[in-house]
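>>> Sequence first, predicted coordinates after that:
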Amino acid sequence: MTVTAKANIDRREMLPQLFPNSESWLFVSGLAGASKDAAALTNDGPNLFTMAGAMGSAVSMGLGVAMSAPERNIAVINGDGEMLMGIGSLITVASIQPRNLTIVCEDNSMHGETGGQRGHTADIADLEAIARGAGITSTMTISESSQVAQAAAFIANEPGPKFLVVRVLPTPPCNFKRNLDLAACRLRFQEKFLAKA
Amino acid sequence: MQTDHPCAEWSGVMFNLMRDAGIDLFAHVPDAGNDCLIALAQTHNDIRTVLLTTEEEGVAICAGADLVGKRGVLCLQSSGLGNCINYLSLAKGGRFPLLMMISMRGDYGEENPWQYPMGQATVTLLQTMGVLVFMVEDRAGLEKAVSAAIAASGKGAQAAAIVLSQKFLGAKGF
């Protein structure tokens, strides 16, 4: 689906609509804005591992979780810059076909964390087409707030792996201060998961 | 798997040690040094193999497995270690107990000059990023090095690399 409409989705309100039962999911989020939005969704909870470095690794980390916890639903939340830096990981995901993996890419077509520089997805690179070319068949792109409910149904009902591109307004992300201690966050996630398993 | 492959015997030993330690995810790029190990892994239904587009994906995939209490191994060549450096922040900063199996290029007998820069930097780069090095120079040292790396990256909670020298693997002709 080629999107030419101007995006009018506010990223700060979107994730709670896409994941109404967020406590039942395991999340991995890519660095910068995507992690702030994901941390606001879960109140920086132990079912979320946020990144603030290793740019490009979020989808691969989500794939590792999905393969090792096949009974759980896993979502990766990332931005367009993070997605492009690890774009080959979509090919790896497609070859594994994890049914329990959903990828949501918040595409603001710019690098919000570093000063708002124009990104490759501003009218040129089409992330959904790239995902389809990689071999992911459940894909969707939305750009209007009226489509968010449809996207939530896509996440709830389509077979994984799923790839959703949300073209968002160029606003700042949620203003949420998360824990950046990656060793502590690793233990927090692992302990919560293993206690439940 | 070919039983007459020069790597068949020791790959079987290495696979059994890894499997006994609960390692059930083998992330890899294609390589002569890990060819038998991966082929062996693919014959087991309870083991998953992941073919990567670039080595660093495997660092993150193994870290993801660790988040839910599972163990993986990343199999690569020394040249691919360079691709992994930034992602090794997960090992050094996050104390993810990554296990790597690295086939050396650019050491004993190497005839491809492209392989020397990364080959000669491999041990230094691993140590700089907080990954313990367990070198295999000959067949006699294999079990001890592999067992030590498995222990270090298991209960030892360290990132560890089994590094297979070309003195052990033999050099590819050019």
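Looks like it arrived, so ask away. All values reported here derive from a predicted model rather than from experimental measurement.

>>> Only C-alpha atoms from now on, for both contacts and neighbour counts.
Noted.

>>> Tell me the residues of chain A that contact chain B?
Residues of chain A lying close to chain B (Cα under 8 Å from any Cα of the partner chain) are A:53-55, A:57-58, A:60-65, A:67-69, A:88-89, A:91-92, A:96, A:181-184, A:186-187, A:189-190, A:193-194.

>>> Filter those residues down to the buried ones and express that as a PyMOL selection.
Selection command for PyMOL covering only the buried members of the residues of chain A next to chain B, criterion 16 or more other Cα atoms under 10 Å in any protein chain shown:
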select buried, chain A and resi 53+54+55+57+58+60+61+62+63+64+65+67+68+69+88+89+91+92+96+182+186+187+189+190+193
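
>>> where along chain A do the helices fall?
Secondary structure of chain A by DSSP state H: the helices cover A:11-18, A:33-42, A:58-68, A:80-85, A:89-96, A:127-134, A:148-157, A:182-196.

>>> Run the chain-centre distance for stretch A:127-144.
On the basis of Cα atoms, centre = their mean, to the nearest Å, stretch A:127-144 sits 13 Å off its chain's mean C-alpha point.

>>> Now it: buried residues?
Of the residues in stretch A:127-144, those buried (16+ other Cα under 10 Å) are A:127-129, A:131-132, A:134-144.

>>> now stretch A:75-93
By neighbour count on 16+ other Cα under 10 Å, the buried set for stretch A:75-93 is A:75-84, A:86-93.

>>> C-alpha coordinates for it, CSV please?
The C-alpha coordinates for stretch A:75-93 follow below in CSV (Å, rounded to 0.1, in the frame of the first residue of the first chain):
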residue,chain,number,x,y,z
ALA,A,75,6.4,-6.8,19.8
VAL,A,76,9.3,-4.7,18.6
ILE,A,77,8.7,-1.0,18.7
ASN,A,78,11.3,1.0,16.7
GLY,A,79,11.7,4.1,14.6
ASP,A,80,12.6,4.4,10.9
GLY,A,81,16.2,5.3,11.6
GLU,A,82,16.7,2.3,13.8
MET,A,83,14.9,0.0,11.3
LEU,A,84,17.0,1.1,8.4
MET,A,85,20.3,0.6,10.4
GLY,A,86,19.4,-3.1,10.8
ILE,A,87,17.3,-3.5,7.7
GLY,A,88,18.8,-6.9,6.9
SER,A,89,17.1,-8.3,10.1
LEU,A,90,13.8,-8.2,8.2
ILE,A,91,15.2,-10.8,5.9
THR,A,92,16.3,-13.0,8.8
VAL,A,93,12.9,-12.6,10.4
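
>>> close enough to count as contact, B:A160 and B:M100?
Yes. The pair formed by B:A160 and B:M100 meets the contact definition of Cα atoms under 8 Å, at 6.3 Å.

>>> tell me which element the spatially most central residue of chain B is part of?
Taking Cα atoms, centre = their mean, the centroid of chain B lies closest to B:M101, which sits 0.9 Å from it. Taking DSSP states H and E as the criterion, B:M101 maps to strand B:99-103.

>>> ok, that strand near chain A or not?
No. Strand B:99-103 is not in contact with chain A by Cα under 8 Å from any Cα; minimum separation 14.1 Å.

>>> Give me the helices and strands touching that strand, please.
strand B:71-77, strand B:159-164 (3 or more Cα pairs under 8 Å, 6 or more residues apart in numbering or on different chains; DSSP states H and E).

>>> between these, which gets nearest to B:M135?
strand B:159-164 (4.7 Å; Cα to Cα).

>>> Give the partner strands of the closest one in its sheet and their orientations.
Paired strands of strand B:159-164, with direction, are strand B:99-103 (parallel), strand B:131-136 (parallel) (DSSP bridges).

>>> of all these, which lies closest to B:M14?
strand B:99-103 (10.1 Å).

>>> Give me the angle between the following helix or strand past the closest one and strand B:99-103.
Per DSSP H and E, the first helix or strand lying C-terminal to strand B:99-103 is helix B:116-128. Per axes from the mean of the first three to the mean of the last three Cα atoms, to 10 degrees, the angle that helix B:116-128 makes with strand B:99-103 is 160 degrees.

>>> Report the buried residues of helix B:116-128.
B:116, B:118-120, B:122-123, B:126.

>>> helices or strands next to that helix in the packing?
If you count contacts as 3+ Cα pairs under 8 Å, 6+ apart, helix B:116-128 packs onto helix B:78-84, strand B:131-136.

>>> one more time with 7 Å, if that's ok
Contacts defined by 3 or more Cα pairs under 7 Å, 6 or more residues apart in numbering or on different chains; DSSP states H and E place helix B:116-128 against helix B:78-84.

>>> Output the helix it packs on as PDB, restricted to C-alpha atoms.
Provided in PDB are the C-alpha atoms of helix B:78-84 (Å, rounded to 0.1, in the frame of the first residue of the first chain):
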ATOM      1  CA  SER B  78      37.100 -13.300  12.700                       C
ATOM      2  CA  SER B  79      36.500 -10.900   9.800                       C
ATOM      3  CA  GLY B  80      32.800 -10.600  10.900                       C
ATOM      4  CA  LEU B  81      33.800  -9.700  14.500                       C
ATOM      5  CA  GLY B  82      34.300  -6.100  13.200                       C
ATOM      6  CA  ASN B  83      30.600  -5.900  12.300                       C
ATOM      7  CA  CYS B  84      29.700  -6.900  15.900                       C
END
